[in-house]
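> I would like the atomic coordinates for the input below:
(one chain, ligands or ions: 2)
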Amino acid sequence: MSKATIQATIQRMTSAAPTPIPSLTLTRPDDWHLHVRDGDALHTVVPHSAAQFARAIIMPNLRPPVTTAAQAVAYRERIQAAIPAGMKFEPLMTLYLTDKLPPEEIRRAREAGVVAVKLYPAGATTHSDAGVTDLRKTYKTLEAMQREGLLLLLHGEVTSPEIDLFDREAVFIETQLIPLRRDFPELKIVFEHITTKEAAQYVREADRFLGATLTAHHLLYNRNALFTGGLRPHYYCLPVLKREAHRVALVEAATSGNARFFLGTDSAPHPAHLKEHATGCAGCYTGHAAIELYAEAFDAAGALNQLEAFASFNGADFYGLPRNQERITLKKESWTSPESFAFGEAELKPLRSGETLAWKLETTWSQ
Ligand code: DOR
Ligand code: ZN
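Numbering: from 1, shown residues only. Ligands and ions are numbered 1, 2, ... in the order given. As a prediction, this is how the structure comes out:
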């Protein structure tokens with residue numbers, strides 16, 4: 001090589017600016033629907049959520065369920081004890097609605113800082129056997145919630161065995177949600193983890209008292225994911241993944257800029273051996289990489305500019321809580337998700353276990 005060629009090559013090498021890695025800085029997000037379980041499990045999953053989210057709505061479907069203000073306070077303390085030193089994370093507590101939850105408990109709950117009550121129709125999902133058998137039995141308690149300003153969070157599926165599993169959300173809207181909203185027009189309701197175009201449309205057309213959360217997995221996958229190359233238990237959750245047309249409608253809702261759609265991971269850890277089982281448990285664990293998975297879904301839709309409102313503003317505004325002040329940064333830099341995590345005596349396999357993720361949380365949080 002001549003001297004001139006070498007010089008030209010060096011110049012090309014030094015003058016070509018390195019391609020910048022796309023990055024995204026946003027207000028630190030919140031998770032408006034999270035399962036952290038109890039006991040040893042807390043030490044695995046709470047640090048994952050705390051690394052990303054400032055606050056999370058904690059589901060009360062423990063065994064036994066969280067049905068009193070005192071139980072919610074004790075549970076909050078156990079969660080707080082699992083937050084790693086130096087991390088800031090606020091668990092927002094909920095009660096579990098039963099046919100017999102006394103209306104008087106609602107005031108005690110509000111005074112204890114509980115923000116919402118979760119309705120599981122009896123038999124709808126994991127640990128829902130103590131759930132509601134008939135909404136009318138809960139009306140006095142719902143009146144107290146409307147009065148005290150506690151939100152109602154819905155697992156929106158009917159449970160009748162004669163209704164096709166894939167239709168249970170749409171039937172819930174017609175038979176339960178429409179009458180419920182007519183009877184409690186000023187009760188703030190969150191239609192949790194919506195999975196259908198019917199639900200997205202219903203929420204879009206509703207008033208300011210109805211919001212909805214969307215999971216990352218329902219934005220990223222349709223029901224084919226459950227059957228690709230064999231039965232895939234780690235994609236099984238309830239409400240179950242639906243057809244592609246529904247996934248597309250959910251992405252449209254999440255990225256639309258409508259402030260009544262917001263982030264709720266429904267990250268729901270189960271021991272791997274109970275998911276890889278003849279009657280595998282429902283629930284996808286996304287808590288280890290939740291905000292990265294949402295970034296991937298929004299990126300695929302060309303809507304990264306909508307992620308901050310969805311993840312960091314809309315939920316806080318709907319709940320009437322202040323927006324967070326800290327910021328996080330995501331980089332478009334691929335990394336491999338761990339195969340599994342220790343989970344008490346068992347093992348926890350996350351969604352995308354051992355696979356590549358496109359976005360990476362760069363900093364945890366900063367002022
Ligand atoms: O898939 C689910 N898992 N859906 C739920 O509603 C409950 C959750 C859990 O607690 O595992
Ligand atoms: Zn859930």
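> just the residues of the stretch 201-350 of the chain that are near ligand 1, which are they?
Contact residues, the stretch 201-350 of the chain versus ligand 1 (Cβ under 6 Å from any ligand atom): Cys237, Leu238, Ala268, Ala282, Gly283. Glycine gets a C-beta too; all of them are placed from N, C-alpha and C.
> Could you tell me which residues make contact with the third one?
Each residue near Ala268 by Cβ atoms under 8 Å, 6 or more residues apart in numbering is listed here: His35, Thr126, Cys237, Ala282, Gly283, Cys284, Tyr285.
> 7 Å instead, please
Applying Cβ atoms under 7 Å, 6 or more residues apart in numbering to Ala268 gives the contacts His35, Thr126, Cys237, Gly283, Cys284, Tyr285.
> Strands of the stretch 51-200 of the chain, start to end?
Remark: strands assigned in the stretch 51-200 of the chain by DSSP state E, counting those that start in this stretch are 55-58, 90-92, 94-96, 116-119, 151-154, 189-191.
> closest one to Thr19 among those?
In terms of Cβ to Cβ, the element of those nearest to Thr19 is strand 55-58, at 35.6 Å.
> and the closest one, what does it pack onto?
Applying 3 or more Cβ pairs under 7 Å, 6 or more residues apart in numbering; DSSP states H and E, one finds that strand 55-58 makes contact with strand 31-34, strand 90-92.
> next SSE after the helix-or-strand element of the chain with minimal mean pLDDT?
Lowest by mean pLDDT, DSSP states H and E among the helices and strands of the chain is helix 3-15, with a mean of 52. Downstream of helix 3-15, the first helix or strand assigned by DSSP states H and E is strand 23-27.
> interface residues of the stretch 51-200 of the chain facing ligand 1?
Asn61, Thr125, Thr126, His155.
> Please name the nearest non-neighbouring residue to the last one.
What that stands for is His155. Spatial nearest neighbour of His155, excluding adjacent residues (Cβ to Cβ, 6 or more residues apart in numbering): Tyr120 at 4.8 Å.
> quick one: contacts for that neighbour?
By Cβ under 7 Å, 6+ apart, the neighbours of Tyr120 are Asn61, Ser128, Gly131, His155.
> So which of the residues of the stretch 201-350 of the chain next to ligand 1 is the closest to Ala303?
Taking these together and measuring to Ala303 by Cβ to Cβ, the closest member is Cys237, at 23.5 Å.
> give me the element that closest one is part of.
Counting by DSSP H and E, Cys237 is found in no helix or strand.
> which ones are touching it?
His217, Asp266, Ala268, Ala282, Gly283, Cys284.
> Quick one: residues contacting Arg110.
Glu148, Gly149, Leu150.
> just the helices in the stretch 151-300 of the chain please.
Assigned by DSSP state H, counting those that start in this stretch, the helices in the stretch 151-300 of the chain fall at 168-172, 178-183, 197-205, 216-220, 244-254, 272-275, 290-300.
> Just send those helices back as CSV, with mean pLDDT too.
Putting these into CSV (pLDDT from 0 to 100) gives the following:
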stretch, mean pLDDT
helix 168-172, 97
helix 178-183, 98
helix 197-205, 98
helix 216-220, 98
helix 244-254, 98
helix 272-275, 98
helix 290-300, 98
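> Any chance of those in JSON lines with distance to Glu90 as columns?
What follows is these, written out as JSON lines (distance: least, Cβ to Cβ, whole Å):
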{"stretch": "helix 168-172", "distance to Glu90": "30"}
{"stretch": "helix 178-183", "distance to Glu90": "29"}
{"stretch": "helix 197-205", "distance to Glu90": "26"}
{"stretch": "helix 216-220", "distance to Glu90": "21"}
{"stretch": "helix 244-254", "distance to Glu90": "24"}
{"stretch": "helix 272-275", "distance to Glu90": "29"}
{"stretch": "helix 290-300", "distance to Glu90": "16"}
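> Out of these, which is closest to Pro29?
Closest approach to Pro29 among the helices of the stretch 151-300 of the chain (Cβ to Cβ): helix 290-300, 5.9 Å.
> Which neighbouring elements make contact with that closest one?
If contacts are counted by 3+ Cβ pairs under 7 Å, 6+ apart, helix 290-300 sits against helix 216-220, helix 307-308, strand 327-331, strand 360-366.
> Going by neighbour count, list what's buried in it.
In terms of neighbour count (16 or more other Cβ atoms under 10 Å), helix 290-300 has its buried residues at Ala290, Ile291, Glu292, Leu293, Tyr294, Ala295, Glu296, Ala297, Phe298, Asp299.
> out of these, who's nearest Glu308?
Nearest to Glu308 among the buried residues of helix 290-300, with distances taken as Cβ to Cβ, is Phe298, at 9.8 Å.
> Contact partners for the closest residue to that closest one other than its chain neighbours?
Once flanking residues are discounted, Phe298 sits nearest to Leu307: 4.6 Å by Cβ to Cβ, 6+ apart. Contact partners of Leu307, counting by Cβ under 7 Å, 6+ apart, are Leu26, Tyr294, Ala295, Phe298.
> re earlier: highest neighbour count among the contacts of Cys237?
Cys284 (29 neighbours; other Cβ atoms under 10 Å).
> Test my guess that that one contacts Leu351.
Yes: here Cys284 reaches Leu351: they are 4.9 Å apart, a contact under Cβ atoms under 7 Å.
> joint contacts of the two?
Common neighbours of Cys284 and Leu351, counting by Cβ under 7 Å, 6+ apart, are His217, His234.
> Show me what Leu330 is bridged to.
Leu330 forms beta bridges with Leu24, Leu361, as assigned by DSSP bridges.
> okay, the helices and strands packed on strand 55-58, which one's buried deepest?
When you average the neighbours per residue for each of the helices and strands packed on strand 55-58 (mean count of other Cβ atoms under 10 Å), strand 31-34 leads with a mean of 27.
> With that, I have no additional questions.
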